[in-house]
Structures are given as structure tokens and as C-alpha cells.
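> sequence isn't available, so here's the structure alone:
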């Protein structure tokens, strides 16, 4: 029991240190775009510490190599399961709806901690056929100058979310070829330009 608590404590401290280091390296996250590979890499030292404890500090290491192998496999399985669970729970539906072939994926969002309000923007390189399938999934239909909505269309804009770095967000301001869904104080709109999907969504 003592060894388990020691290993759990050291692994927890390693994860806390990883989180602290990530905050230092990327103080403007989530407004600053970060690769998922880079983000996930900050959790690997915690896993490494956990495995190191099993092999070098655990009392069982001298009695059963099989135990160490099984425990290591369990740690890796739990880590991978955690990544999958976090992806399922915390990844936006707009991101998850992208085809597996999507490349150059960027997203930015701002949320209200107390209200359902949010602003979200996504850019990804996909084919035009994939774009058609994508907008059909969210039931987006063409915007026209004569189209009427349940509220004023002031939210329908290709401007970036205030306060984030706009290096990758570069759609034209034109609403031509924009597809929209609107209702329940929520706007979802998308268009296809220069081989990229651009999607914006606002709840207010």
C-alpha cells in the first residue's frame, strides 16, 4: 500500500508539473493555436514517471517481472483510454465532424463560464466534396441577401474572435457562398475558400 501511494503521489506531481510547464510555454491558450500532438506531449512525462516507479521503486520489481510488465501495460492502457475519453467529452462537435483526411486544422473558441454563450471558429483543409458532406451534417443552407432569420444577422460575420492571434484565420469578409443554420440564439455558418473549410459559430 505504501508503494502504491508513493507511486500515485509521484505520478500526480509529475502531471501537475507538466500542466505548470504547459501554462508557462503557452500562456495565451486557447486563443493561441497549439498542435494537439504538442499538447498531448506535455502529459507524457507523467506517464514516464509512473512507469519508472513501477520498475525502479516498486517492491514487487525484485519478485515478479511479470507484475511490472502487466502494470506498465495497464498504465499505458489507462493513459490511452484517458486521451480517447477526453477527446470524446471535450472536443467540439464541429472538430469531431471533420473527415479523417482533414489537414491544417486550426480552431479557436471563447466560452462563458456561467452561460451557454460561446464564439467558435474552425479552419481545415478538406476537399469540396467533403465540405458538402460537412455542411449537410449541420443542416447549413445557402445565405442570400433576401433570406430572413429569427433575429438580426449582426452575428453573421467572418471577423475573428476578439483577442486571438489571427495568423491562420483568413477568410474573405464576403458572405457570398456562405451556408447558415440559425435558431435558439445560435448561429452556425461555413464556406469553402482556397481549398479550406471556414466555420464560425456563435451562441449569445
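Everything's here; your move. Here the structure is a predicted model, which means the values were calculated and not measured.

> assumed residue 192 was part of a helix.
No: checked against DSSP: H, G, I helix; E, B strand; the rest coil, residue 192 lies outside a helix; its state is strand.

> and the nearest residue to it once chain neighbours are set aside, helix, strand or coil?
Excluding the flanking residues, the one nearest residue 192 by CB to CB, 6 or more residues apart in numbering is residue 131, at 4.5 Å. (Each C-beta comes from the backbone N, C-alpha and C, glycine too.) Three-state call for residue 131 (three-state DSSP): helix.

> and residue 77, how many neighbours?
With neighbours defined by other CB atoms under 10 Å, the count for residue 77 comes to 10.

> quick check: which element contains it?
In this structure, residue 77 sits in helix 65-90 according to DSSP states H and E.

> chain center to that helix, what's the gap?
Relative to its chain's centre, helix 65-90 lies at 20 Å (CA atoms, centre = their mean, to the nearest Å).

> what do you get for stretch 197-204?
Distance, centroid of stretch 197-204 to centroid of chain: 15 Å (CA atoms, centre = their mean).

> what lies in contact with that stretch?
Contacts with stretch 197-204, where a contact means CB atoms under 8 Å, 6 or more residues apart in numbering, come from 94, 98, 102, 116-126, 130-131, 134, 155, 157-158, 171, 185-192.
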